[in-house]
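Asks: Everything below, folded, please.
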Amino acid sequence: MLIHINISGPHAQIIEGEISSVLTHEGFNLSTTNAKANVLISGKVEVEPLQLHNPDFKFVRAKVNIDVMDMISDKKVGSIFDKIRKGHLTYKEAEHKSVQSLSKSVSKEVVKFFSLEK
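Replies: Predicted coordinates:
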């Protein structure tokens, strides 16, 4: 089974990279193109600043919505949604922390989706 990953949006390469790394580590084979893949993992990352009325910290929410498609039958076989909020002294660092945490969390969910030990 070949899996192709296509994530869009801000910091998509971080999410895509973490999913790729974890799937490869678990023994899954990845395809560099959609045309050769049996499974397509596609999704979109969104990042938004939050106003939580705390003057000392800046907060950001990162969220991702992922669909898993069986390319042979052309049917959606699953979806994963996750969101994480992080705070820091600056928006830039809060954004970085939220995206990093989200990448770890969603990659675990993707592996669980393909795991036989559900």
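Asks: For Val64, list the residues it contacts.
Replies: Going by CB atoms under 8 Å, 6 or more residues apart in numbering, Val64 touches 7, 9, 15, 43-46, 80-83, 102, 106. (Each C-beta comes from the backbone N, C-alpha and C, glycine too.)
Asks: And the residues you listed, which is closest to Tyr91?
Replies: Nearest to Tyr91 among those is Glu46, at 14.9 Å by CB to CB.
Asks: Could you check how far that closest one is from Thr24?
Replies: 26 Å (CB to CB, to the nearest Å).
Asks: Identify the single longest helix in the protein, thanks.
Replies: Counting by DSSP state H, the longest helix found in the chain is helix 91-114.
Asks: Now do that helix: which elements does it pack against?
Replies: Packing contacts for helix 91-114, counted by 3 or more CB pairs under 8 Å, 6 or more residues apart in numbering; DSSP states H and E, involve helix 12-25, strand 39-50, strand 58-70, strand 75-88.
Asks: 10 Å - rerun?
Replies: Helix 91-114 sits against strand 2-8, helix 12-25, strand 39-50, strand 58-70, strand 75-88, with contacts defined as 3 or more CB pairs under 10 Å, 6 or more residues apart in numbering; DSSP states H and E.
Asks: Can you tell me which of these is most buried?
Replies: strand 58-70 (a mean of 20; mean count of other CB atoms under 10 Å).
Asks: Alright, calling it a day.
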